[in-house]
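1. what follows is a predicted protein model with its sequence.
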Amino acid sequence: TSMQIDNVELVSASSETPQDVQVKLYNNGFENGFTQWSRTNMVNQTIKAEGGKVFTHIAGSEAYTSDLWQFANAPTDGNYQLSISTRKSGNFENASLYATYSGGTKEVPIPASGDWKEVKIPNIQLMNGEVVKVGVKADGQEGSVLDVDDMKMTKMDSSVPLDVSYFESLDEVTPYTVTD
């Protein structure tokens, strides 16, 4: 005897739309100053408010380096995306958003912009309870400014295809390139 099964479709037992799952980042909009954030070179980091928006302002009257980060835990297994709202002016050796986890470190450069822009790192594969370090690094020249706000790490919906405009390589360590 044999049995053949054909055209099987798996569907969710619940018709509810899943809520956004996020890695809990405390004080991600800096409304409570630097509470829950770790940082280096604190003299180059201040909290500013502009048009009702509170954000971190990283700048220096001479060349500087800065790192602003937080550790968090993934609430469930999944593929996550780290994003931040930012604007940057002046000359930098490096200004980047990064995530460090068991899969290594993913880092993307922050482009220059006078307006607030969203910078993202997609495809961060985390397991339930896994610790992830997220942050912003800056290596700026005299007079350079980097403003950051609203850091979020959201679980990606695997049924939605990703928009990818350019692959420099399929290198596992640095597969993404940000272009203007």
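-> Right, received. Where do you want to start?
2. tell me the contacts of the most centrally placed residue in the chain?
-> Relative to the mean C-alpha position of the chain, the nearest C-alpha, by CA atoms, centre = their mean, is the one of Leu82, at 2.8 Å. With contacts defined as CB atoms under 8 Å, 6 or more residues apart in numbering, the neighbours of Leu82 are Leu97, Ala99, Lys106, Lys120, Ile121, Ile124, Val134, Met151, Lys152, Met153. For glycine as for every other residue, the C-beta is placed from the backbone atoms N, C-alpha and C.
3. if you set the cut-off to 7 Å instead, what comes out?
-> With contacts defined as CB atoms under 7 Å, 6 or more residues apart in numbering, the neighbours of Leu82 are Leu97, Ala99, Lys120, Ile121, Ile124, Val134, Met153.
4. Ser66 too?
-> By CB under 7 Å, 6+ apart, the residues touching Ser66 are Thr40, Asn41, Asn44, Gln45, Ile58, Ala138.
5. are any of these buried, and if so which?
-> When burial is judged by neighbour count using 16 or more other CB atoms under 10 Å, the buried members of the contacts of Ser66 are Asn44, Gln45, Ile58, Ala138.
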